[in-house]
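*Asks:* how would this look folded up:
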Amino acid sequence: MYTNIIIQADERGLLFEKGQYKKVLPPGSYRIWKLRSQTVTVVKVTEPFEVKGMELPLFLQDRNLTRELEVVEVSDHELALHYIDGKFHRLLTAGRYAFWTVLQRHHVVRADLRNPELGPEIDKAIIPRLHAYISVLDVASYERGYLYYNHVLQRELMPGKYYFWRTGAVQPVVKTIDLRQQQLDLNGQEMMTEDKITLRLNFVCQYRIVDPMRSLEMKAFEEQIYIQLQLVLREYVGTLKLDELLRSKQEVAAFVLERLNAKSEEYGISFRSAGVKDIILPGEIRDILNTVLLAEKKAQATLITRREETASTRSLLNTAKLMDENKTLYRLKELEFLEKICEKIGTISLSGGSNLLERLNTLLGASAVEATKEA
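*Replies:* Purely as a prediction, here's the structure:
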């Protein structure tokens, strides 16, 4: 007994007899004998060569079959990008693969996981299709990056985007350093002046990292700068009395900035500016200073009042001397006062035959005579 089977142009047949592989059948018509326990497995040449339940090496002994196959072996430390007719198809992990070369052209691009960074041979256009296998690390335009493999420094990274394989024994890490100007705030620091007054100080300074490697080599980089600033402030404030400190806030900032820049090379940074934000005094000291300030202001106000009174008296004396020496000026002054009086009087009644100007002159003359008699 037999069975007829037809192998199409895009197919190949794998002939088995009593469960053992015998040969490959090219396209055509075949008679399969059941009495010999023959069977045929038909496979598509547009798909990877694979027979369920059987290992690939069992078929690679057939030279006629291997002439139509391309075998790809991927090591444990590798990944392979599989291309079909120049187009990316899929990613191959460690293992052995076989592809038909009858209707399609196959090639692979290998990636060595011992160097996890994607090389230039990997087309960046296919990265979105590999997101499960690739990690993306960014270095911003204001940063410098440092690449580590298993905690060992490899190189400095300039601003940009970098791609690494996630799988493999080598773990890549990128540490970034911000090169922008940064601010360090020292808030509420209790310090004692030379005259044993405890106060709280708020201080601020701006700095910029100029040697990123130095900051990476130091543990708790920002904490060390903070402590250094704190020590410099305590050193300077402890040499001043409270009044001196309140008068010389700018000098404190200049001293601290100078001392910090003396250590800038050690930290790999450049201190740009510094300043005292606030000086917070204890309640009782603040009350005492307010009392002193109030007393000073009252004394200043009294002094100013006395100066004004003295100036006013001196002005009156000078005016009197001028009027005594100059009768015309005296007369003008009388007219000035008469004008002021008239502004406040609604009606003036004069009797007699003389004109208005003569009557006013008589009035002023009589007033002058009465004043002389009284004197």
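
*Asks:* chain center to stretch 238-245, what's the gap?
*Replies:* Centre-to-centre, stretch 238-245 and its host chain are 36 Å apart (Cα atoms, centre = their mean, to the nearest Å).

*Asks:* Counting neighbours, which bits of that stretch end up buried?
*Replies:* 240, 242, 245 (16 or more other Cβ atoms under 10 Å). No exception for glycine: its C-beta is placed from N, CA and C like everyone else's.

*Asks:* can you give me the strands for the stretch 1-150 of the chain?
*Replies:* Taking DSSP state E, counting those that start in this stretch as the test, the strands found in the stretch 1-150 of the chain are 2-7, 11-17, 20-25, 28-33, 38-44, 69-74, 78-84, 87-92, 95-100, 106-112, 134-139, 143-149.

*Asks:* Pipe the ones you listed into CSV and attach distance to residue 174, mean neighbour count and mean pLDDT per row.
*Replies:* Shown next, in CSV, are the strands of the stretch 1-150 of the chain (distance: least, Cβ to Cβ, whole Å; neighbours: other Cβ atoms under 10 Å; pLDDT from 0 to 100):
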stretch, distance to residue 174, mean neighbour count, mean pLDDT
strand 2-7, 55, 13, 87
strand 11-17, 49, 19, 91
strand 20-25, 51, 15, 91
strand 28-33, 59, 12, 88
strand 38-44, 45, 15, 90
strand 69-74, 27, 17, 94
strand 78-84, 21, 18, 94
strand 87-92, 23, 14, 93
strand 95-100, 31, 18, 93
strand 106-112, 19, 17, 93
strand 134-139, 4, 15, 92
strand 143-149, 5, 18, 93
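
*Asks:* Make CSV from these and add distance to residue 169 to it.
*Replies:* Listed next are these as CSV, based on distance: least, Cβ to Cβ, whole Å:
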stretch, distance to residue 169
strand 2-7, 46
strand 11-17, 38
strand 20-25, 38
strand 28-33, 50
strand 38-44, 36
strand 69-74, 16
strand 78-84, 12
strand 87-92, 18
strand 95-100, 18
strand 106-112, 12
strand 134-139, 15
strand 143-149, 10
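
*Asks:* Which one of these lies nearest to residue 323?
*Replies:* strand 143-149 (84.7 Å; Cβ to Cβ).

*Asks:* ok, residues contacting the closest one?
*Replies:* Strand 143-149 is contacted by residues 116-117, 137, 139, 153-159, 162, 170-179, 212-213, 216 when judged by Cβ atoms under 8 Å, 6 or more residues apart in numbering.

*Asks:* That one pairs with which strands?
*Replies:* Strand 143-149 has the following strand partners under DSSP bridges: strand 152-157 (antiparallel), strand 172-178 (antiparallel).

*Asks:* Compare those strands and give me the one nearest residue 132.
*Replies:* Shortest distance between residue 132 and these, using Cβ to Cβ, is found for strand 172-178: 16.7 Å.

*Asks:* circling back to that earlier point, from the contacts of strand 143-149, list just the buried residues.
*Replies:* Buried among the contacts of strand 143-149 (16+ other Cβ under 10 Å): 116-117, 137, 139, 157, 162, 170, 172, 174, 176-177, 179, 212, 216.

*Asks:* which of these sit farthest apart?
*Replies:* Maximum distance among those (Cβ to Cβ): 27.8 Å, for 170 and 179.

*Asks:* Now, the buried residues of stretch 238-245 that are in helices?
*Replies:* 242, 245 (DSSP state H).

*Asks:* Mind putting the buried residues of stretch 238-245 into a markdown table with distance to residue 266 and pLDDT?
*Replies:* Output for these, formatted as a markdown table (distance: Cβ to Cβ, whole Å; pLDDT from 0 to 100):
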| residue | distance to residue 266 | pLDDT |
| --- | --- | --- |
| 240 | 27 | 82 |
| 242 | 33 | 78 |
| 245 | 28 | 78 |
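
*Asks:* Reformat the buried residues of stretch 238-245 into TSV and put distance to residue 90 next to each item.
*Replies:* TSV is the format used below for those (distance: Cβ to Cβ, whole Å):
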residue	distance to residue 90
240	74
242	77
245	73
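
*Asks:* nearest to residue 53, of the buried residues of stretch 238-245?
*Replies:* Out of these, the member with the shortest distance to residue 53 (by Cβ to Cβ) is residue 245, at 88.7 Å.

*Asks:* what sits against the closest one?
*Replies:* Applying Cβ under 8 Å, 6+ apart to residue 245 gives the contacts 193, 199, 237, 252, 279.

*Asks:* Correct me if wrong: residue 40 contacts residue 2.
*Replies:* No. Between residue 40 and residue 2 there is no contact, the gap being 11.7 Å when judged by Cβ atoms under 8 Å.

*Asks:* Name the residues contacting each of these two.
*Replies:* Residues touching both residue 40 and residue 2 (Cβ under 8 Å, 6+ apart): residue 32.

*Asks:* picking that back up, ok, which of the strands paired with strand 143-149 comes nearest residue 45?
*Replies:* Comparing those against residue 45 with Cβ to Cβ, the closest turns out to be strand 172-178 (40.0 Å).

*Asks:* The closest one relative to strand 134-139, how many degrees between them?
*Replies:* 20 degrees (axes from the mean of the first three to the mean of the last three Cα atoms, to 10 degrees).

*Asks:* distance between the next helix or strand after strand 172-178 and the chain's centre?
*Replies:* Following strand 172-178 in sequence order, the next helix or strand is strand 182-192 (DSSP states H and E). Distance, stretch centre to chain centre, for strand 182-192: 21 Å (Cα atoms, centre = their mean).

*Asks:* Residues in contact with the strand or helix carrying residue 256: which ones?
*Replies:* In the assignment (DSSP H and E), residue 256 maps to helix 249-262. Contacts to helix 249-262, defined as Cβ under 8 Å, 6+ apart, come from residues 203, 205, 207, 228-229, 232-233, 236-237, 245, 270-271, 273-276, 279.

*Asks:* Buried only: go through those residues for me.
*Replies:* Buried members of these, scored by 16+ other Cβ under 10 Å, are 203, 205, 207, 228-229, 232-233, 236-237, 245, 270-271, 274-276, 279.
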